[in-house]
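K.L.:
when you get a sec, could you give me coordinates for this:
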Amino acid sequence: MASRITTEHGLIGFFDILGYSNFLQKNSPGEAAQIIVDVLQRLPTEVVEQVRAQSSANHRLTPEELLERLQWLVFSDTILLTLPYVSQPGTTENIWPWLIFIAHVQLLHKQLFNAGLPIRGAVTCG
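P.N.:
Numbers count the residues shown, from 1 in each chain. Predicted coordinates for the structure are as follows:
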């Protein structure tokens, strides 16, 4: 039986690795993939530390709970990040998913750049 496709509202980040072809001339695709996966797997811990250091507010969801919802997909020289969330008009809860997501993106940029894989991209909500 075919699975049903559903949609969700949330944050989306779409990133392209710059100079990927040049990187592959000196490294194998497996090495590139391992660098990316290593960075993506250690980011949640660093995001939680960064967010806790910058925000003392109590929110309905903890950073860990929000990060459990964050998903990533890597294909070729592209990284896709998504974080579903329900907007709550008139509350500060709308800021929390954005803060977590942007902290994740900022650390992703920094760590991949330091590993020789700079990225560029866009973040949107929809």
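K.L.:
for the helix or strand hosting Phe101, packing partners?
P.N.:
Taking DSSP states H and E as the criterion, Phe101 maps to helix 95-114. The contact analysis (3 or more C-beta pairs under 8 Å, 6 or more residues apart in numbering; DSSP states H and E) places helix 95-114 against strand 10-17, helix 29-54, helix 63-69, strand 78-84, strand 119-125. Backbone N, C-alpha and C define where each C-beta goes, glycine included.
K.L.:
reformat these as TSV; add mean neighbour count, distance to Phe101 and mean pLDDT.
P.N.:
Output for these, formatted as TSV (neighbours: other C-beta atoms under 10 Å; distance: least, C-beta to C-beta, whole Å; pLDDT from 0 to 100):
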stretch	mean neighbour count	distance to Phe101	mean pLDDT
strand 10-17	18	5	94
helix 29-54	15	9	83
helix 63-69	16	8	78
strand 78-84	18	5	91
strand 119-125	13	7	94
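K.L.:
quick one on the thing from earlier: just the CA trace of the helix holding Phe101, in PDB.
P.N.:
This file holds the C-alpha atoms of helix 95-114, laid out as PDB (Å, rounded to 0.1, in the frame of the first residue of the first chain):
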ATOM      1  CA  ILE A  95      10.600  33.100  18.400                       C
ATOM      2  CA  TRP A  96      11.900  29.800  20.000                       C
ATOM      3  CA  PRO A  97      11.800  27.600  16.900                       C
ATOM      4  CA  TRP A  98      13.500  30.400  14.900                       C
ATOM      5  CA  LEU A  99      16.200  30.800  17.500                       C
ATOM      6  CA  ILE A 100      16.900  27.100  17.600                       C
ATOM      7  CA  PHE A 101      16.900  26.800  13.800                       C
ATOM      8  CA  ILE A 102      19.100  29.900  13.200                       C
ATOM      9  CA  ALA A 103      21.600  28.700  15.800                       C
ATOM     10  CA  HIS A 104      21.700  25.400  14.000                       C
ATOM     11  CA  VAL A 105      22.300  27.100  10.600                       C
ATOM     12  CA  GLN A 106      25.000  29.400  12.100                       C
ATOM     13  CA  LEU A 107      26.900  26.500  13.600                       C
ATOM     14  CA  LEU A 108      26.500  24.500  10.400                       C
ATOM     15  CA  HIS A 109      28.000  27.300   8.300                       C
ATOM     16  CA  LYS A 110      30.900  27.800  10.700                       C
ATOM     17  CA  GLN A 111      31.800  24.200  11.100                       C
ATOM     18  CA  LEU A 112      31.500  23.200   7.400                       C
ATOM     19  CA  PHE A 113      33.600  26.300   6.500                       C
ATOM     20  CA  ASN A 114      36.200  25.300   9.000                       C
END
